[in-house]
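Chemist: After the sequence you'll find the predicted model.
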Amino acid sequence: MHLKSVTLKGFKSFAQSTTFALEPGVTCIVGPNGSGKSNVVDALAWVMGEQGAKTLRGGKMEDVIFAGTSTRGPLGRAEVQLTIDNGDGALPIDYSEVTISRTLFRTGASEYAINGQTCRLLDVQELLSDSGLGREMHVIIGQGRLDTVLQATAEDRRGFIEEAAGILKHRRRKEKTVRKLEAMETNLTRLSDLAGELR
Ligand code: ATP
């Protein structure tokens, strides 16, 4: 599995549709300060479901939409598409190439899609969760992030290892099931109260 390409359109400084082809091996993006190198990395995190505006170096999520320059007006939406070569079947989906896309409109509406099919954020997270590209984005080490990783508590470090090992997905499912069981317990108590009143 490898990331084949990423396309940004209306995302941060990339008003025009711009595609970066990523060959297997190491890809370097070079450019002057402020030219948008980190914005490409932000786009990768964003399309894979990043929810924290601060992680994306903004104040609110809308800040990822091209805000305009002196020569060009602001845009109404940001779109990022990530194409992954899944020839080795590392992603649990029956396609040799997978395209994940995320769109955010200035109205606040947002959309995810896998191979053109609209889906939920949860579907994107589940698809990526065993691939090392999971929700916590430990594969993306931004400037200054290295210190955070090195100074992590033992518990946080366990979280990194669990994510890499693909355990987090099951932990999340367990938490969801426990919440459902608790709701069911409350319903059963209510039912038994009602049955008691009817006797
Ligand atoms: P450095 O080498 O200094 O780290 P860089 O190449 O990584 O810089 P980025 O931080 O990716 O640069 O890009 C910063 C640029 O992106 C700034 O010029 C900023 O104005 C622009 N930018 C960020 N968000 C938006 C937005 N929503 N609309 C338009 N431009 C934006």
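Modeler: Arrived safely.

Chemist: check contacts around Ser110.
Modeler: Residues in contact with Ser110, defined by CB atoms under 8 Å, 6 or more residues apart in numbering, are 102-104. From N, CA and C alone the C-beta is placed, and that goes for glycine too.

Chemist: Find the residue ranges of this structure scoring beneath the pLDDT cut-off.
Modeler: Per-residue confidence of the chain (counting by pLDDT under 70) places the weak regions at 132, 134-139, 144.

Chemist: quick check, Lys174 in a helix?
Modeler: Yes: secondary structure of Lys174 (DSSP: H, G, I helix; E, B strand; the rest coil): part of a helix.

Chemist: for the chain, which residue is closest to the average position?
Modeler: By CA atoms, centre = their mean, the mean C-alpha position of the chain lies nearest to Gly49, the distance being 1.7 Å.

Chemist: isn't it right next to Cys119, touching?
Modeler: No: if you go by CB atoms under 8 Å, Gly49 and Cys119 don't touch, sitting 11.0 Å apart.

Chemist: near the ligand, which residues of this protein show up?
Modeler: For the chain, the residues found near the ligand under the criterion CB under 6 Å from any ligand atom are 12-13, 31, 33-39, 63, 65-67.

Chemist: These: which two are farthest apart?
Modeler: Using CB to CB, the two most remote members of the residues of the chain next to the ligand are Asn33 and Ile65, lying 22.5 Å apart.

Chemist: Looking at those two, which is more packed in?
Modeler: Between Asn33 and Ile65, counting by other CB atoms under 10 Å, Ile65 is the more crowded of the two (20 against 5).
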